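*Asks:* Just need the structure, nothing else, for what follows:
(chains A, B and C)
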Amino acid sequence: MGNDPTPPDLDALLPRAFYARPAHVVAPELLGRILVSGTGDATVALRITEVEAYEGETDPASHGWRGRTPRNATMFGPAGHLYVYWIYGMHHAANVVCGTEGVSHGVLVRAGEIVTGHAEATDRRPAARSPKELAQGPGRLADALGITRALDGTDVCDAHAPIRLAAGEPVRRGRVRHGPRTGVSRAHDTPWRYWIADDPTVSRYRRHTPRKRSPKPGDPE
DNA sequence: AGCCGGATCATCT
DNA sequence: GATGATCCGGCTG
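*Replies:* Numbers count the residues shown, from 1 in each chain, chains lettered A, B, ... in the order given. You can find the predicted model right below:
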């Protein structure tokens, strides 16, 4: 929690082959890795503490489940690219594309700890009441890193890309926890959310709550 | 500290 | 026209 004696190496990026495996296999191995946005003074780096896997071919909760569309096209592309989507009319969320080309696998980066660029992140997330809230949840994380739909398709294996993914320090198996995914309405039994045990930046689990529909004439009270 | 409801719009049916 | 891989504020306890 205190200041790291040795700051992480933000230039040692993970190779594309790392991502070329099923999303639920890659997901736990992404914990402890570093997502880096921007350069120079505007650099913000985040140590990943919570992720969720989605696999379109077998997974009704995945955006890829009903096939390729303009929105989710990046998920069907090559591994190691960023799939960014816009949801609830107000939030962005970032996934790392996994698996093989033509298959829609992705890992949603749900939460993390800001390790570099604290001031810049706070500037983008004025609502955060403490450092741990800066990127506690996918929408907050996207805000803190300045991730928008304009960055959809970014190659995170490219050292010159606006968003990169550095190797950081992988988390020991014994420190990884897993359970059902947050906020999904389907496939509740698939325990593909992974997080670092006891990490304060991990978001609280929230079950999906169905939206109240607008009343129609003739409906019972 | 935890639960609940409203906000808000791109995407797909 | 309904829905959603969410967040925030307000209320309860």
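
*Asks:* Make sure A:Val26 is actually in contact with A:Cys98.
*Replies:* Yes. Counting by CB atoms under 8 Å, A:Cys98 is a contact partner of A:Val26 at 4.8 Å. No exception for glycine: its C-beta is placed from N, CA and C like everyone else's.

*Asks:* Show me the common contact partners of the two, please.
*Replies:* Taking CB atoms under 8 Å, 6 or more residues apart in numbering as the contact rule, A:Val26 and A:Cys98 both touch A:19, A:53, A:107.

*Asks:* Quick check: the residue of chain A nearest DNA strand B.
*Replies:* Distances between chain A and DNA strand B by CB to the nearest atom of the strand are smallest at A:Thr69, namely 2.5 Å.

*Asks:* Count the neighbours of that residue for me.
*Replies:* A total of 11 residues lie near A:Thr69 under the criterion other CB atoms under 10 Å.

*Asks:* Give me the distance between it and A:Arg164.
*Replies:* 27 Å (CB to CB, to the nearest Å).

*Asks:* how far away is the closest residue to A:Arg175 other than its chain neighbours from A:Val176?
*Replies:* Spatially, and ignoring its direct neighbours in sequence, A:Arg175 is nearest to A:Ala197 (5.0 Å; CB to CB, 6 or more residues apart in numbering). Distance, A:Ala197 to A:Val176, using CB to CB: 7 Å.

*Asks:* Neighbour count for the two, which is higher?
*Replies:* Using other CB under 10 Å as the criterion, A:Ala197 and A:Val176 rank with A:Val176 on top: 17 against 12.

*Asks:* list the contacts for that one?
*Replies:* Per CB under 8 Å, 6+ apart, neighbours of A:Val176: A:28, A:31, A:194-197.

*Asks:* Need the buried ones from those selected in ChimeraX.
*Replies:* With 16 or more other CB atoms under 10 Å as the criterion, this ChimeraX line picks the buried residues out of the contacts of A:Val176:
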select /A:28,31,194,195,196
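
*Asks:* overlap between the contacts of A:Val176 and the residues near DNA strand B?
*Replies:* Residues of those in contact with DNA strand B (CB under 7 Å from any atom of the strand): none.

*Asks:* quick one: which of the contacts of A:Val176 is nearest to A:Leu10?
*Replies:* Using CB to CB, A:Leu31 comes nearest to A:Leu10 of the contacts of A:Val176, at 17.3 Å.

*Asks:* contacting residues for that closest one?
*Replies:* A:48-51, A:170-171, A:176, A:194-196.

*Asks:* Check which residues of stretch A:15-33 are buried.
*Replies:* A:18-24, A:26-33.
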